[in-house]
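>>> need coordinates for the below:
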Amino acid sequence: MSRYGPPSALRSTSATGCIENGRITVNNAAYSTSEPPATEELAPGRRSRLTRSGHLLLGLLPGIALIVFWQWAAGRLIKEIYISKPTAVAQRLYEIFASGEIYPHLWTTAQELVLGYVIGVALGVIGGYALGRSPRMAGVLEPYVMAFYGIPKIALAPLFIIWFGIGIRSKVALASIMVFFLVIPYSVIGVIVGEFTSSIQGLGLFIHEASATYDPAGVFAGITILLVFVIAANLLANRLERRLLRWRTPSGVRPNEI
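Predicted structure coming up:
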């Protein structure tokens, strides 16, 4: 070694080592030029799942807050004879499903809803196609169609009961007429209104009887089942629309952007 000390490269403070048997051993790890590993980015699929989960949670928060406030307010701000607690509604739902009380009503309403929807959609498609193919006929019939559209369909319920009786046919007819102009929510309205007016079975009758016997938990239980009906029907209709109308250009997007 030089009497002036070790080479300058070995005097670097970044180098570590020792002298053993007249030889200098240097820790090579000290001279590593590799940078710390960068944080791994989320995969697109995982990021998409996290985004969907965040949107779902954000959508559930108002409903959760409403249920918590409802549970607290029932019996404090409002008497339970008017609004039952959500826990009482859940208990009533369990009772009517466990006992089988609700199944005949569900079956009747489902039949009326499906038949009314199918008949109404078929009439709407046939009528729309015919009027679209014949502008002259469309011009002649347009005033009559618009006049009939302006009539509250609920007002026709007593006539349908007179014409078709209190059985399933009057509810199917009312639902078909409402679907002819508008779709799923109005088919449910047509069925339930018909069952409210006159019926021997159905969710409308179940809700009406619960209301007549001052059973608010039963009323909310029936409404909850109706909400599930409407949501399921809308999801099914949207899925069928996407499958059957794949060729349709999305609104606001030019064909060359698809």
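
>>> which pLDDT value belongs to Ala38?
In this prediction, Ala38 carries a pLDDT score of 48.

>>> one more: Ile64?
With respect to pLDDT, Ile64 has a value of 91.

>>> how many neighbours does it have?
By other C-beta atoms under 10 Å, 10 other residues sit near Ile64. Any C-beta I mention is one placed from the backbone N, CA and C, and that applies to glycine too.

>>> mind checking which helix or strand it is in?
Using DSSP states H and E, Ile64 sits within helix 44-73.

>>> same question for Val219.
Using DSSP H and E, Val219 maps to helix 216-244.

>>> packing partners of that helix?
When contacts are defined as 3 or more C-beta pairs under 8 Å, 6 or more residues apart in numbering; DSSP states H and E, helix 216-244 packs onto helix 86-99, helix 103-133, helix 184-197, helix 203-212.

>>> ok and the shortest one relative to helix 103-133, angle-wise?
Helix 203-212 and helix 103-133 meet at an angle of 130 degrees, taking axes from the mean of the first three to the mean of the last three C-alpha atoms, to 10 degrees as the criterion.

>>> residues in contact with helix 203-212?
With contact meaning C-beta atoms under 8 Å, 6 or more residues apart in numbering, helix 203-212 is reached by 102, 105-106, 109, 191-196, 199, 216-219, 221-223, 225-226, 229.

>>> low-confidence ranges, the protein, go.
Counting by pLDDT under 70, the chain has low-confidence residues at 1-45, 47, 150-152, 182-187, 244-258.

>>> how much space separates the residue positioned nearest the centre of it from Ile225?
Note on the chain: the residue nearest the mean C-alpha position is Ile231, at 5.4 Å, using C-alpha atoms, centre = their mean. Using C-beta to C-beta, to the nearest Å, Ile231 is found at 11 Å from Ile225.

>>> cool, Asn238 as well?
To Ile225, Asn238 is 21 Å away according to C-beta to C-beta.

>>> higher neighbour count, those two?
Legend: neighbour count by other C-beta under 10 Å for Asn238 and Ile225, higher for Ile225 (19 against 11).

>>> which residues sit in contact with that one?
93, 102, 106, 203.

>>> could you do Leu93 as well?
Shown in contact with Leu93 (C-beta under 8 Å, 6+ apart): 221, 224-225.

>>> deepest in the core, which of the helices and strands packed on helix 216-244 is it.
Mean neighbours per residue, mean count of other C-beta atoms under 10 Å, is largest over the helices and strands packed on helix 216-244 for helix 184-197, with a mean of 23.

>>> for that helix, packing partners?
Short answer (3+ C-beta pairs under 8 Å, 6+ apart): helix 184-197 packs on helix 103-133, helix 157-164, helix 168-181, helix 203-212, helix 216-244.

>>> so that helix versus helix 203-212, what angle?
Interaxial angle, helix 184-197 versus helix 203-212 (the same axes, to 10 degrees): 50 degrees.

>>> what's in contact with helix 184-197?
With C-beta under 8 Å, 6+ apart as the contact definition, helix 184-197 has outside contacts at 108-109, 112-113, 116-117, 120, 153-154, 157-158, 160-161, 170-171, 174-179, 202-205, 207-208, 226, 229-230, 233-234, 237.

>>> picking up where we left off before, now the helix holding Val219: buried residues?
Under the neighbour-count criterion of 16 or more other C-beta atoms under 10 Å, helix 216-244 has 216-222, 225-226, 229, 233 buried.
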